[in-house]
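1. Please work out how this folds:
(one chain, ligands or ions: 3)
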Amino acid sequence: MVKRLILVLGDQLSPELSALRKGDPGTDMVVMAEVADEAGYVPHHPKKIAFIFAAMRKFAAQLREDGWDVRYTQLDDSENAGSIVGELLRRAEETGADEVLATEPGEWRLIEKLKHAPLKVTLLEDDRFLASHKEFEDWAEGRKQLRMEYFYREMRRKTGLLMDGDQPEGDKWNYDHDNRKPAPDDVTYPGPMQFTPDDNVEDVLDLVETRFGDNFGTLRPFHFATDRTQARRALTHFITHALPRFGDYQDAMLDQNRFLYHAVISPYLNVGLLTVIEICKAAEDAYRDGHAPLNAVEGFIRQIIGWREYVRGIYFLEGPDYPARNALGHDRDLPAFYWGAETKMRCISKAVEQTQDQAYAHHIQRLMVTGNFALLAGIDPYQVHEWYLSVYIDAYEWVEAPNTVGMSLFADGGIIASKPYVSSGAYINRMSDYCKTCAYKVSAKTGEDACPFNLLYWDFLNRHRDRFEGNPRMANMYRTWDRMDEERRETVLNEAGAFLHKMDAGELV
Ligand code: FAD
Ligand code: DLZ
Ligand code: SF4
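-> Ligands and ions are numbered 1, 2, ... in the order given. Coordinates of the predicted model:
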């Protein structure tokens, strides 16, 4: 007789998962299921679905080797109940188990479903993260502003990463001013390690092609790692060949290079194939061995123990309504070019094209190209959130929503960002080579071929003057705007309006 069911979700593929640690292979049974509900709550990129299903299948096989009794449901199984709760109920009936142990899911939607399931479900903390909910709440308690930088220092102290006693390595916590160099002419890194799909992965690709072939995104070729051994190799490849230059070119973008020196490890980390500590230790070792400089290693570790933990803290602190926030009252529909329709804006078309091909774009493409445009143009944040949640292979709501709704769109009213991440075309031109081949002219501030980012930037600031003019970090922007002569300001606003009108009408912009 099975005592308990242990639920393992598609982004919980870690042998050290709290539910597995608490369970007993002698009496408990693991339940894993590919279900229509999870594969369909947004139109996920086919590569994302394939990655998750392939990694789930391999993880189930590993659990069996480790002695667990695993009931695994494939998407096409005739008995498939179509939802996580449905599958748990079916397995409970089958085995006589009356209790479920689960590690807390990374999304309010699924937490609510499990809490309201007609079964006894015990939710355990997801301690694959460094900071528990309680720790983050304690840190946030009584603070006027929840700035990542201070939280990050706590995480450095807690882990001892890049610490020299109780002081930060090199005497500074943050080496960002050494980073952010414009795009290099020549990138020496060939990109992330690629893996040839084996027969099991090919089976998954066939399934996904049949069932989700119409979703936005190209399924084949598929080269992601799908198990821990492969993910470890991908990490070592990055640390050896890219980490030393990661810091320098972290914010750069190139028309003909999709990865620059980025790690592309978020898919693996987010499903549990890699752990936070092993990644950061590998990076720290590279610094201590003299293989990578401090600015690169500190910058990299900050993204993981700083930003990643911090955004998760915010998601759970703020509650289930967070993804639907819309502090700036933006309500424009997401333009079709986010789904691959033609646009003359080279930066957007390249970011979307690589998203479609790879289910990946790096941080600055997400923040300063597609995100920046959505914010400047006043697009409904919920639609933007659903887009990001769908199209990226690493997207789960706990990490995607704070990045999109908070950091990128300022729709949380400034909890994450102290000022909106908006820029004109000048920033994109400085950090990339997109503008060289664009139909628009980045140097043109008005007129037929003026870069739309230039027009929309001022339109945004003007539209939200009441909210932002008192922000000391934005005072300069308003001073520049105010110094322009009246006629020029009017031209900018009229042309921005005309651009948005054309875009809304579905014309080529
Ligand atoms: P690298 O640049 O090599 O960074 C190393 C690691 O740091 C990443 O793997 C990731 O785990 C972590 N990291 C870096 N920045 C962040 C951040 N802001 N938040 C959380 N972790 C971070 N990241 C996701 O994992 N899932 C998402 O759904 C997601 N959505 C985003 C949406 C928007 C609008 C923006 C602006 C950012 C989003 N990010 C998201 C953060 C970041 O863009 C990705 O983590 C990063 O691009 C992943 O690629 P990489 O592994 O090559 O990262
Ligand atoms: C994203 C995803 C997809 C596409 N499919 C499944 C699935 O079939 N079965 C499953 O257990 N998990 C899947 N996931 C991941 C879940 O959606 C994820 O666990 C929640 O969004 C919480 O982060
Ligand atoms: Fe993007 Fe403007 Fe540069 Fe074109 S000119 S690539 S629209 S920033």
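
2. and residue 185, what pLDDT?
-> Per-residue pLDDT puts residue 185 at 83.

3. Checking my notes, it in a helix, right?
-> No: assigned with DSSP: H, G, I helix; E, B strand; the rest coil, residue 185 falls outside any helix and is coil.

4. That one: how many residues sit nearby?
-> 6 (other CB atoms under 10 Å). (Each C-beta comes from the backbone N, C-alpha and C, glycine too.)

5. same question, residue 413
-> Residue 413 has 13 nearby residues by other CB under 10 Å.

6. so what's the closest residue to it other than its chain neighbours up against?
-> Among residues not flanking residue 413 along the chain, residue 327 sits closest, at 3.6 Å (CB to CB, 6 or more residues apart in numbering). Taking CB atoms under 8 Å, 6 or more residues apart in numbering, we find residue 327 in contact with 410-414.

7. again, only using 10 Å
-> Contacts for residue 327 (CB atoms under 10 Å, 6 or more residues apart in numbering) come out as 381, 405-406, 409-415, 464, 467.

8. Work out for me the element it sits within.
-> Counting by DSSP states H and E, no helix or strand carries residue 327.

9. Please tell me how far it sits from ligand 2.
-> Counting by CB to the nearest ligand atom, to the nearest Å, the gap from residue 327 to ligand 2 is 25 Å.

10. now swap in residue 163 and tell me
-> Remark: distance between residue 163 and ligand 2 (CB to the nearest ligand atom) = 31 Å.

11. so that residue touches residue 169, yeah?
-> Yes: using CB atoms under 10 Å, residue 163 is in contact with residue 169, at 6.4 Å.

12. The two - which one has more neighbours?
-> Comparing residue 163 with residue 169 by other CB under 10 Å, the one with more neighbours is residue 169, at 19 against 14.

13. pretty sure that one is in contact with residue 295, am I right?
-> No: using CB under 10 Å as the test, residue 169 is too far from residue 295 to be in contact (11.3 Å).

14. what's the overlap in contacts for those two?
-> Contacts common to residue 169 and residue 295, judged by CB under 10 Å, 6+ apart, are 175, 287.

15. Identify the spatial nearest neighbour of the residue of the stretch 251-400 of the chain at minimum distance from ligand 2, chain neighbours not counted.
-> Nearest to ligand 2 in the stretch 251-400 of the chain, going by CB to the nearest ligand atom, is residue 396, at a distance of 4.1 Å. Nearest residue to residue 396 in three dimensions, chain neighbours excluded: residue 106, at 4.8 Å (CB to CB, 6+ apart).

16. can you check residue 293 too?
-> residue 244 (6.5 Å).

17. near ligand 1, which residues of the stretch 301-450 of the chain show up?
-> Within reach of ligand 1 by CB under 6 Å from any ligand atom, the stretch 301-450 of the chain has these residues: 303-304, 307-308, 311, 362-363, 366-367, 371, 388, 392, 394-395, 399-400, 403-404, 407-408.

18. If we use 8 Å, what do you get?
-> 303-304, 307-308, 310-312, 360-363, 366-367, 370-371, 384, 388-389, 392, 394-396, 399-400, 402-404, 407-409 (CB under 8 Å from any ligand atom).

19. residues in contact with the host helix or strand of the residue nearest to residue 293?
-> In the assignment (DSSP H and E), residue 244 maps to helix 243-246. By CB under 10 Å, 6+ apart, the residues outside helix 243-246 that reach it are 179, 181, 184, 187-189, 235, 238-239, 260-263, 282-283, 286-287, 291-293, 295-297, 299-300, 303.

20. The residue nearest to residue 396 falls within a helix, correct?
-> No: with three-state DSSP as the criterion, residue 106 is coil rather than part of a helix.

21. Retrieve the pLDDT associated with it.
-> 98.

22. Count the neighbours of it for me.
-> 21.

23. ok, now which ones touch it?
-> Counting by CB under 10 Å, 6+ apart, residue 106 has contacts 9, 11-12, 126, 129, 270, 312, 315-316, 396-400.

24. Distance-wise, check it relative to residue 126.
-> 7 Å (CB to CB, to the nearest Å).

25. any common contacting residues for those two?
-> Counting by CB under 10 Å, 6+ apart, the shared contacts of residue 106 and residue 126 are 11-12, 312, 316, 398.

26. Next, format those residues as JSON lines and append neighbour count.
-> Output for these, formatted as JSON lines (neighbours: other CB atoms under 10 Å):
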{"residue": "11", "neighbour count": "22"}
{"residue": "12", "neighbour count": "23"}
{"residue": "312", "neighbour count": "21"}
{"residue": "316", "neighbour count": "22"}
{"residue": "398", "neighbour count": "23"}
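
27. out of these, who's nearest ligand 3?
-> Of the shared contacts of residue 106 and residue 126, the one sitting nearest to ligand 3 (CB to the nearest ligand atom) turns out to be residue 398, at 30.7 Å.

28. In terms of helices and strands, where is that closest one?
-> Assigned by DSSP H and E, residue 398 falls in helix 397-401.

29. cool, and residue 219?
-> Short version, using DSSP H and E: residue 219 is in no helix or strand.

30. what residues are up against residue 259?
-> 187, 189-192, 238, 242, 354, 358, 360-362.

31. One more: residue 470?
-> residue 478.

32. Are we agreed that it is in a strand?
-> No: assessed with three-state DSSP, residue 470 is coil; it does not lie in a strand.

33. All further residue positions should be reported with the first residue as 181.
-> Will do, 181 is the new start, and the previous item becomes residue 650.
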